[in-house]
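Student: Prediction below, plus the sequence it came from.
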Amino acid sequence: MKKIVIVGAGPAGNSCATAATRYGAKVVLIENSIIGGQAHIRDCIPSKSMIGLLPNYKDVNDKDSERLLEDKHLLDIGQKVQSISTQLTDNLNQLFKSQKIEVILGAGKLKGPNELVVETKDKMLSLNADAIVLATGSRPRVPDWCKPDGKQILLTRDVYPPPEIPDHIVIVGSGVTGVEMTHMFSSLGSKVTLLVSRQHVLPDKDPEVAAVLEEDFAKRGIGLLKGARANGVEKNSDGSLTVSCKDGRKLKASHLLLAIGSLPNSENLGLEEAGVEAENGYVLVDHHLRSNIPHIYAAGDLVGKLQLSSISITQGKKIAEHALGITAIQTHRHIDYEKAPLAIFTEPEIADVGLAEADAFSEGRKVRVTKVPFSVSARALIQGDTRGFVKIISDPITGHVLGGSIVGRHASEMIGLVSLAINSGLKVTDLVEAMSVHPTLVEVVFEAAE
Ligand SMILES: Cc1cc2nc3c(=O)[nH]c(=O)nc-3n(C[C@H](O)[C@H](O)[C@H](O)COP(=O)(O)OP(=O)(O)OC[C@H]3O[C@@H](n4cnc5c(N)ncnc54)[C@H](O)[C@@H]3O)c2cc1C
């Protein structure tokens, strides 16, 4: 029986552990914080729980400037967020027990290419294995001009729930996390100013998609400070903060939130002792997620490819298959990062997958672009929300679906259909010929393929 030792019990480590056990391996899982990883307690799940539990922002607006939520309600929301995370961790613990996965609570570190030591509460253990998987995740990046205090100067991990409802929060970073946080704090009733370093939010997304979100932000009274890069923050004598930008602009606010990316947790992992190559702290891996030491793999945020739980889960499974020589599903599970779907849990939701129209344009590639607004959908009208659209990018000659963007209610659910079409090599005619239930939002996806 092959033995696999995994360091880190987040989505990457967990999916690897359960898959490897199913394939008959002996699995040891080492975790220094909590089963489920940061994804369950401080990043992915609590952020989506908070957003899901907040009232519709329209209700907040209806009350003019009066807050719908009070600070005391945060406690209640916080408890619900916590209970979702706890439930997920409990489920995992039960699954591991039933699969006989050995869980060791402690910090794992490579001592060389063939030895891993674990520092637990009361002892040091030494382990060896046929394969070692590093899946230690990442942590928020903090710039040198500011010191988060968990009260006024916040990291994303401090806000599930935030210590209080800010009067005015400045959010630094207008990528996926920054816009989700903007939506979240605006829904809480805070005045929000988002610093946008370029000319649009979500600089890597389809500009039409970003425009729908910006329009919605404007309606909600969210301030966008464009071309602004923060480079300082000071506490004032009245307790407020002054946030400075590189171009000299200054903003007074009650709180500041940083959403400017992450750094890999690789400092204390013994990479050098084991001779594992890394770049800027990210472990370098091949397409099988194997480091330069063939029996040492790495997955999830630690390899920094696409930092998503969904990708981490797929990578973990792929490692289990590769390390154990499993070819039952297909010769090698192939991860095509270009075809990974992505969602942003704002209001309306945004989701996309595959080739973007702008990228096709800049590559000089001829594509067919079809776009249908949700205003044509009976279901959207019934639900009273016709914002957004579905856009399908396809090959004008072969008809293959190459990409898609959806802005609107439940976009994160519907993008799965476009992802399936792209990853299965389907053509627009396949979508057109498939039938859907009426009236549903997903009909718009089929309509956009016409
Ligand atoms: C605000 C926010 C929202 C997000 N929302 C989404 C989303 O909606 N959808 C999505 O797909 N992704 C989302 N993500 C990304 C997602 O959370 C990460 O990609 C995912 O957590 C990475 O999984 P992982 O297994 O690599 O790491 P983690 O979840 O960070 O788990 C790694 C674990 O390893 C442990 N560890 C570290 N060092 C050691 C050691 N030496 N020994 C033992 N254990 C160790 C850590 O304590 C941690 O528990 C979000 C991220 C953020 C910050």
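Tutor: Sure thing, it's come through. Numbering: from 1, shown residues only.

Student: So, low pLDDT: which residues of the stretch 301-450 of the chain?
Tutor: For the stretch 301-450 of the chain, the stretches with pLDDT under 70 are 328-332.

Student: now the helix or strand K317 falls within: how far from the chain's centre is it?
Tutor: Counting by DSSP states H and E, the element that carries K317 is helix 309-323. Relative to its chain's centre, helix 309-323 lies at 16 Å (C-alpha atoms, centre = their mean, to the nearest Å).

Student: Would you mind pulling the contact partners of whichever helix or strand comes after it?
Tutor: Reading on from helix 309-323 to the C-terminus, the next helix or strand found by DSSP H and E is strand 342-344. Outside strand 342-344, the residues that touch it by C-beta atoms under 8 Å, 6 or more residues apart in numbering are 176, 179-180, 202, 306, 308, 349-353, 411-412, 415. Glycine gets a C-beta too; all of them are placed from N, C-alpha and C.

Student: Sheet partners, orientation included, of strand 342-344?
Tutor: In its sheet, strand 342-344 lies beside strand 349-354 (antiparallel), with partners assigned from DSSP bridges.

Student: hmm, the strand it pairs with in reach of the ligand?
Tutor: No. Using C-beta under 6 Å from any ligand atom, strand 349-354 never reaches the ligand; the gap is at least 10.8 Å.

Student: follow-up on the earlier one: output the contacts of strand 342-344 in CSV; the columns should cover neighbour count.
Tutor: Converted to CSV, those look like this (neighbours: other C-beta atoms under 10 Å):
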residue, neighbour count
V176, 21
V179, 27
E180, 23
L202, 22
L306, 16
L308, 20
E349, 22
I350, 28
A351, 25
D352, 25
V353, 27
A411, 26
S412, 17
I415, 24
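
Student: Quickly note the distance from I296 to G304.
Tutor: Separation of I296 from G304 (C-beta to C-beta, to the nearest Å): 17 Å.

Student: Ignore what I typed, I meant V201.
Tutor: With distances taken as C-beta to C-beta, V201 is found 23 Å from G304.

Student: And these two? Which one has more around it.
Tutor: V201 (24 against 21; other C-beta atoms under 10 Å).

Student: wait, that one sits on L213?
Tutor: Yes. Assessed by C-beta atoms under 8 Å, V201 is found in contact with L213 at 6.1 Å.

Student: shared neighbours of the two, which are they?
Tutor: Residues touching both V201 and L213 (C-beta under 8 Å, 6+ apart) are V179.

Student: is it true that L420 lies in a helix?
Tutor: Yes. Assessed with DSSP: H, G, I helix; E, B strand; the rest coil, L420 lies in a helix.

Student: so who does it touch?
Tutor: L420 neighbours (C-beta under 8 Å, 6+ apart): L426.

Student: change it to 10 Å
Tutor: Contact analysis of L420 by C-beta atoms under 10 Å, 6 or more residues apart in numbering lists P341, V353, V401, L426, L431.

Student: Verify the stated contact: the second one with K391.
Tutor: No. Applying C-beta atoms under 10 Å, one finds V353 not in contact with K391, separated by 11.1 Å.

Student: what's the overlap in contacts for those two?
Tutor: Joint contacts of V353 and K391 (C-beta under 10 Å, 6+ apart) are G403, G404, S405, I406, V418.

Student: can you narrow these to ones near the ligand?
Tutor: Within the set of the shared contacts of V353 and K391, contact with the ligand (C-beta under 6 Å from any ligand atom) is found for no member.

Student: Next, count neighbours for the nearest residue to V201 once chain neighbours are set aside.
Tutor: Spatial nearest neighbour of V201, chain neighbours left out: S174 (4.4 Å); criterion: C-beta to C-beta, 6 or more residues apart in numbering. Using other C-beta under 10 Å, S174 has 28 other residues around it.

Student: three-state assignment of S174?
Tutor: Of the three states, S174 takes coil under three-state DSSP.

Student: now it: how far from E115?
Tutor: Distance of S174 to E115, given as C-beta to C-beta: 44 Å.

Student: ok, which stretches of the stretch 351-450 of the chain are helices?
Tutor: For the stretch 351-450 of the chain, the helices defined by DSSP state H, counting those that start in this stretch cover 357-362, 378-383, 411-423, 428-433, 443-449.

Student: Just the C-alphas of the last one, formatted as PDB.
Tutor: Put plainly, it is helix 443-449. Taking Å, rounded to 0.1, in the frame of the first residue of the first chain, the C-alpha atoms of helix 443-449 are listed here in PDB:
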ATOM      1  CA  GLU A 443     -33.000  29.900 -21.200                       C
ATOM      2  CA  VAL A 444     -31.000  33.100 -21.900                       C
ATOM      3  CA  VAL A 445     -27.800  31.100 -22.200                       C
ATOM      4  CA  PHE A 446     -29.400  28.900 -24.800                       C
ATOM      5  CA  GLU A 447     -30.800  32.000 -26.500                       C
ATOM      6  CA  ALA A 448     -27.400  33.600 -26.600                       C
ATOM      7  CA  ALA A 449     -26.100  30.500 -28.400                       C
END
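
Student: So which other helices or strands are in contact with it?
Tutor: Here helix 443-449 touches strand 368-373, helix 378-383, strand 389-394, strand 401-408, helix 411-423, helix 428-433, going by 3 or more C-beta pairs under 10 Å, 6 or more residues apart in numbering; DSSP states H and E.

Student: same thing but at 7 Å, please
Tutor: If you count contacts as 3 or more C-beta pairs under 7 Å, 6 or more residues apart in numbering; DSSP states H and E, helix 443-449 packs onto strand 368-373, strand 389-394, helix 411-423, helix 428-433.

Student: V5 bridge partners, please.
Tutor: Beta-bridge partners, per DSSP bridges, of V5: V28, I132.

Student: ah, wrong one, I meant T242
Tutor: E234, K252.

Student: same question, S126
Tutor: Beta-bridge partners of S126, as defined by DSSP bridges: V117.

Student: Hmm, G112 and it touching each other?
Tutor: No. If you go by C-beta atoms under 7 Å, S126 and G112 don't touch, sitting 10.6 Å apart.

Student: Which residue of these two possesses the greater neighbour count?
Tutor: For the pair S126 and G112, the greater number of neighbours falls to G112 (13 against 9), based on other C-beta under 10 Å.

Student: Contacts only, for the residue nearest the centre of the chain.
Tutor: Centroid-nearest residue in the chain: L308, 4.3 Å away (criterion: C-alpha atoms, centre = their mean). Counting by C-beta atoms under 7 Å, 6 or more residues apart in numbering, L308 makes contact with nothing.

Student: Quick one: neighbours of V209, just the number.
Tutor: 25.

Student: close enough to count as contact, it and E349?
Tutor: No. Assessed by C-beta under 7 Å, V209 is found out of contact with E349, at 10.7 Å.
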